[in-house]
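Participant: Below are the sequence and a predicted model; questions follow.
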Amino acid sequence: MRKPVLLLAALIAVPASAQLPGLRRRAPPPQVPVQNPVDVLRADFAAQSGGTTVYFANGSAELTPQAKLLLQAQAAWLRQHPDVAVRIEGHGDPADTRDHALALGAERAAEARNFLILLGTPAAQVSAMTWGKERPGPPSAVTTIVPPSGGPALVPAGG
Amino acid sequence: MTARSLVIALVAAAAGLVSSSADAQQPGAPAATVIAVPPMTSPDTGTKGNEMLALAWQATQLIDTDLQQTAELMPLSPDRNDYYSYPEVTAPNFMKWRGRGAKALITGFVKSRPDGRYTVGCYVYDVDKGRELAREGYVVIPADLRRAAHKCSGLAYKAITGAPGMFDTRIAYVAETGSPAARVKRIAIMDSDGFNHKYLTPGDTIVLTPRLSPHAARLAYVSYQGGVPQVRILDLGNGEQRPLLAGDAMTFAPRYSPDGSKIVFSMMLGANSDIYVVGANGGAPQRLTVAPGIDTDPGFSPDGSRIVFESDRSGTQQLYVMNADGSQQRRITFSTAAYSAPEWSPDGKYIAFTWRMGDTRRIGIMAPDGTGEKILTAGPADEEPSWAASSRELVFQRTEANGRPAIYRVNLDGSAPRKMTVPQDGSDPNWSGTMD
């Protein structure tokens, strides 16, 4: 029962991702009715920007040159998609204590957000939050597209 | 559970002799005081008498268990052959207990009341001198008999060591289940002996760092309910909860002031984490730190006049102390290690902290001026120390070799940490003061 469903999903995903590099600004979204439009946007964002995640040195919230390059690409994509809100989720170091990890994750997310704003991204388009050390992984900040409706209210009203 | 005080005055209570023995034991003192804990008695007779004696036996066993947990007292476990009559509660056979090597003795009784409650009387004696050290009585509903026994343990502990007992206290923590990538976290609370365990949040959102108010009537914690971490307040009496602040700012690291009237916490403003204080019932937060970078994990001194916190303003995480209004911020640790998660001891003598070097985390203590550092645990992943009311023991989180967090207790005397039994994995433990 489970297996055929998975196969079907895989079949649908292939033509969808094949179309992604050809996506242009104002191009209509690909007509793949079973695929969540947010997932399509996310895939396009990741492909066009070169990634969703910027990495940090342990204990640091300083943006590396690579991080800045990636954020520049993200800012370019966001300029082309002014209606899409993103949330930057910061992560602390796994070896941090709980509250310091929250603060460091928030600081990393805020540094990435500030850099996007510096590059012209409207403040209202990008929010920031922290996972502290609640999600395993390397020290990072992940830019993720916020679903337009439903879900938790993650976009601050006034930016 | 009633929030009202259990303690009643016993008729003809002796003058306080507690202070005379307060210096008998210090933390780290090698010898434990042997204390006799014969089965408590009852003035009731007949069927009622048998019922009360059964309850008195349970209470006695609980006191024995409580005192066995301490480093300072060594109970002679209760033996039914040592049963004594009601008049002997206040006129014990000191000769007999001297012969058994006891230096101290607990006697007491459980008595039924017409209203269905019980009176529990508790007496502590110095066996060598043949004199009373302390007495206290408690009127409790049947469900609170355990608490009366814990109060009795605390009376003996305080009479002999001079430090408040931590038996009638609670421990809040985060109960964890699920895979590392999809952890389910719930705030849980239990009596310090592990009984009366219950969950306070449903597990549908990530929750962190429960911090109890001084007498465990309320609890501040961090929840992702609104999508970002924010401090919420839970009333343990009626179950009501609310956000500490209105708005969508990220807030975390809450701790109550010693009188319960204020909460100090961290709030993000852009990339800056600073320390703020606000009334426990709300109001406008007052900002206490303005340094760039991370200032977090604030906690009050027991007199409420100062706040210890961690800051990376020097480039590494170090501990600082400031006045409660934010003035006179001064660094107290100067080391190549990183220091975080400080908590001031209830007696004011120590600050406990998490010591970190590379990925190794250990629990340590130092004087509030930063001198006398002593590392108590070996790690490699120990954090979040929280003091017992006695100021002689800490509860902390240890991530074990299998990657799962557990709750441990460690005594200041240098003995090995002991794992506490909780139903699931546990993190972020917080130990309350003695309940009213």
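Facilitator: Noted; the coordinates are in hand.
Participant: buried sites along stretch B:184-196?
Facilitator: Buried positions in stretch B:184-196, judged by neighbour count with 16 or more other Cβ atoms under 10 Å in any protein chain shown: B:184-193. C-betas here are computed from N, CA, C, even on glycine.
Participant: make that stretch B:51-58, sorry
Facilitator: So stretch B:51-58, judged by 16+ other Cβ under 10 Å, has buried residues B:52-53, B:55-58.
Participant: Tell me the one among those nearest to B:A216.
Facilitator: B:Q58 (23.2 Å; Cβ to Cβ).
Participant: all strands for chain A, in order.
Facilitator: Here chain A has its strands, by DSSP state E, at A:53-55, A:86-90, A:126-130, A:140-145.
Participant: I'd like to know which of the ones you listed is closest to chain B.
Facilitator: Shortest separation from chain B across the strands of chain A is recorded for strand A:126-130, at 4.3 Å, computed as Cβ to the nearest Cβ.
Participant: now that closest one and strand A:140-145, what's the angle there?
Facilitator: For strand A:126-130 against strand A:140-145, the angle by axes from the mean of the first three to the mean of the last three Cα atoms, to 10 degrees is 140 degrees.
Participant: and the angle for strand A:126-130 with strand A:86-90?
Facilitator: Using the same axes, to 10 degrees, strand A:126-130 lies at 20 degrees relative to strand A:86-90.
Participant: any residues touching stretch A:139-148, and which ones?
Facilitator: A:38, A:41-42, A:45, A:49, A:52-60, A:74, A:84-93, A:104-105, A:108-109, A:111-112, A:126-127, A:154-155 (Cβ atoms under 8 Å, 6 or more residues apart in numbering or on different chains).
Participant: for the helix of greatest length in chain A, the distance to its chain's centre please.
Facilitator: As assigned by DSSP state H, the longest helix anywhere in chain A is helix A:98-118. Counting by Cα atoms, centre = their mean, to the nearest Å, helix A:98-118 is centred 14 Å from the centre of its parent chain.
Participant: near chain A, which residues of chain B show up?
Facilitator: Contact residues (Cβ under 8 Å from any Cβ of the partner chain) of chain B with chain A: B:180-181, B:183, B:206, B:208-209, B:222, B:226-229, B:248, B:250, B:252-253, B:266, B:268, B:270-273, B:293-294, B:296-297, B:310, B:317, B:340-341, B:354, B:356, B:358-359, B:361, B:381, B:383-384, B:427-428.
Participant: try it again with 7 Å
Facilitator: Contact residues, chain B versus chain A (Cβ under 7 Å from any Cβ of the partner chain): B:180-181, B:206, B:208-209, B:226-229, B:248, B:250, B:252-253, B:266, B:268, B:270-271, B:273, B:294, B:296-297, B:310, B:317, B:340-341, B:354, B:356, B:359, B:361, B:383-384, B:428.
Participant: returning to what we had before: can you add mean pLDDT and mean neighbour count and give the strands of chain A back as JSON lines?
Facilitator: Converted to JSON lines, these look like this (pLDDT from 0 to 100; neighbours: other Cβ atoms under 10 Å in any protein chain shown):
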{"stretch": "strand A:53-55", "mean pLDDT": "96", "mean neighbour count": "20"}
{"stretch": "strand A:86-90", "mean pLDDT": "97", "mean neighbour count": "26"}
{"stretch": "strand A:126-130", "mean pLDDT": "97", "mean neighbour count": "26"}
{"stretch": "strand A:140-145", "mean pLDDT": "94", "mean neighbour count": "22"}
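Participant: Determine the set of other helices and strands touching the helix or strand hosting B:S427.
Facilitator: Here B:S427, judged by DSSP states H and E, is contained in strand B:425-431. Helices and strands touching strand B:425-431, by 3 or more Cβ pairs under 7 Å, 6 or more residues apart in numbering or on different chains; DSSP states H and E, are strand B:170-177, strand B:207-212, strand B:382-387, strand B:393-399, strand B:405-411.
Participant: mind listing what that strand pairs with, with the direction of each?
Facilitator: strand B:170-177 (antiparallel) (DSSP bridges).
Participant: Next, the angle strand B:382-387 makes with the strand it pairs with.
Facilitator: 160 degrees.
Participant: CA-only coordinates of stretch B:209-219, as PDB, when you get a sec.
Facilitator: The C-alpha coordinates for stretch B:209-219 follow below in PDB (Å, rounded to 0.1, in the frame of the first residue of the first chain):
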ATOM      1  CA  THR B 209      14.100  25.700  30.600                       C
ATOM      2  CA  PRO B 210      11.300  25.500  33.200                       C
ATOM      3  CA  ARG B 211      12.200  27.800  36.200                       C
ATOM      4  CA  LEU B 212      10.100  27.600  39.300                       C
ATOM      5  CA  SER B 213       9.000  30.500  41.500                       C
ATOM      6  CA  PRO B 214      10.600  30.400  44.900                       C
ATOM      7  CA  HIS B 215       7.900  28.300  46.600                       C
ATOM      8  CA  ALA B 216       7.000  26.400  43.400                       C
ATOM      9  CA  ALA B 217       3.600  28.100  42.900                       C
ATOM     10  CA  ARG B 218       4.400  29.200  39.400                       C
ATOM     11  CA  LEU B 219       6.700  28.300  36.600                       C
END
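Participant: average model confidence for that stretch?
Facilitator: Stretch B:209-219 shows a mean pLDDT of 95.
Participant: which parts of that stretch are buried?
Facilitator: B:209-216, B:218-219.
Participant: picking that back up, in TSV, list the buried residues of stretch B:184-196 along with secondary structure and pLDDT.
Facilitator: Below are the buried residues of stretch B:184-196 laid out as TSV (DSSP: H, G, I helix; E, B strand; the rest coil; pLDDT from 0 to 100):
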residue	secondary structure	pLDDT
B:V184	strand	96
B:K185	strand	97
B:R186	strand	98
B:I187	strand	98
B:A188	strand	98
B:I189	strand	97
B:M190	strand	95
B:D191	strand	92
B:S192	coil	90
B:D193	coil	86
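Participant: I'm done for today, thanks for sticking with me.
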